[in-house]
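Chemist: A predicted structure for the sequence below; I have some questions about it.
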Amino acid sequence: MDSSFALPLLGGALIGLSASLLLLAHGRVAGISGVVASLLAPVKGDISWRAQFLGGLLAGGLLLAWSRPGTFALPEPLDGGRVLLLALAGLLVGLGSRLGSGCTSGHGVCGLSRGSPRSLVATLTFMATGILTVFLSRHVF
Amino acid sequence: MRPSLAAFLSGLLFAVGLGLGGMTDPSNVLGFLDVAGDWDFRLAFVMGGAVAVHAALRPLILRRARPLFAPAFPVFSLQRVDARLVGGAALFGVGWGLAGYCPGPALASLGQGGPALLVFVSSMLGGMALARWVAPERGAGDDARGQERPASGAEPRHVSS
């Protein structure tokens, strides 16, 4: 196998393991937007595992930064236009993931794994609009 | 294993998987979405690998009566494909295509991405709060949460291993 595919495959396998561990331990779906959004309006008794998962996610980022520098995008210079673009993108990602009940992880990984038609539709939809957005921004405008 | 450690470890594994898979660099993500350009389809292997592993392990896990630290496995009662699902996913995809970040990679990169990530993540949280305000969820059955089956009177079984 071409080694350039081995790492994405390994990374994906770890994500699948992560989702399986969360299901086994807490019976929860590892959908990042759902895990995080519910911390914004916390329900008593349903906080700690979410906070711990989020803590693990941030700690994993730090571990990667220490062990594999280059895993992340280099900090970019920000001008007004870039700030506006990032703010709009973040807003759409946050809003869309909650209206659509999930994101790349909840629908794309967990939902597809259980054969959910809703998740298939959601995944195909955000893939399509993502592709369209990149097409318009790179090749048209 | 203590309950706290399981969720923490799951989050950690998730971030490491995202990083090794290349999802924490938006240039990879945008290259993956750029099918009309110099298409970099490697990220399909991230989702493929994740789905393959989770789809294989999930049925084995569900053979258990309940999770290790919770009373029940989630039940997905919502089957309907509606405008909310499709519209939300469509908006999500536009945001994903604009910046190259979805929620997991953005949060995992928070400490490394400088002010750009702070802008993205704070407006993402704002967007999540906005969703709650403009269109509160009708009833239970959120996909990303799963509806709790009524606990059959039993306390969560705590298993140590």
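Modeler: Nice, thanks for sending it over. Residues are numbered from 1 along each chain as shown, chains lettered A, B, ... in the order given.
Chemist: which pLDDT value goes with A:A87?
Modeler: Residue-level confidence at A:A87 comes out at 98, pLDDT.
Chemist: give the contact list for the residue most central in space within chain B.
Modeler: Nearest to the geometric centre of chain B sits B:G104, at 6.7 Å (CA atoms, centre = their mean). Residues in contact with B:G104 (CB atoms under 8 Å, 6 or more residues apart in numbering or on different chains) are A:I32, A:L57, A:C103, A:T104, A:S105, B:F14, B:A15, B:L18, B:M23. Using the backbone N, CA and C atoms, a C-beta is placed for each residue, glycine as well.
Chemist: so which of these are in helices?
Modeler: A:I32, A:L57, B:F14, B:A15, B:L18 (DSSP state H).
Chemist: make a ChimeraX selection of the buried ones in those residues.
Modeler: This is how ChimeraX selects the buried members of those, with burial counted by 16 or more other CB atoms under 10 Å in any protein chain shown:
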select /A:32,57 /B:14,15,18
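Chemist: mind checking what secondary structure A:A73 has?
Modeler: Assigned state for A:A73: coil (three-state reduction, DSSP: H, G, I helix; E, B strand; the rest coil).
Chemist: got it, and the one 10 residues further on?
Modeler: In the three-state summary, A:V83 is assigned as helix, counting by three-state DSSP.
Chemist: so what's the residue count around the residue nearest to A:L132 when sequence neighbours are not counted?
Modeler: Spatial nearest neighbour of A:L132, chain neighbours left out: B:G97 (7.2 Å); criterion: CB to CB, 6 or more residues apart in numbering or on different chains. Look at B:G97: counted by other CB atoms under 10 Å in any protein chain shown, it has 27 neighbours.
Chemist: I'd say B:G97 and A:R138 touch.
Modeler: No. Using CB atoms under 8 Å, B:G97 makes no contact with A:R138, being 9.7 Å away.
Chemist: give me the common contacts of those two.
Modeler: In contact with both B:G97 and A:R138: B:L30, using CB under 8 Å, 6+ apart.
Chemist: what stretches of chain A score poorly on pLDDT?
Modeler: Counting by pLDDT under 70, the ranges of chain A that qualify are A:1-3.
Chemist: please enumerate the helices of it.
Modeler: Going by DSSP H, chain A shows helices at A:3-26, A:32-40, A:48-67, A:80-99, A:112-113, A:117-135.
Chemist: one more: chain B?
Modeler: Going by DSSP H, chain B shows helices at B:3-21, B:26-33, B:43-61, B:83-99, B:103-108, B:115-134.
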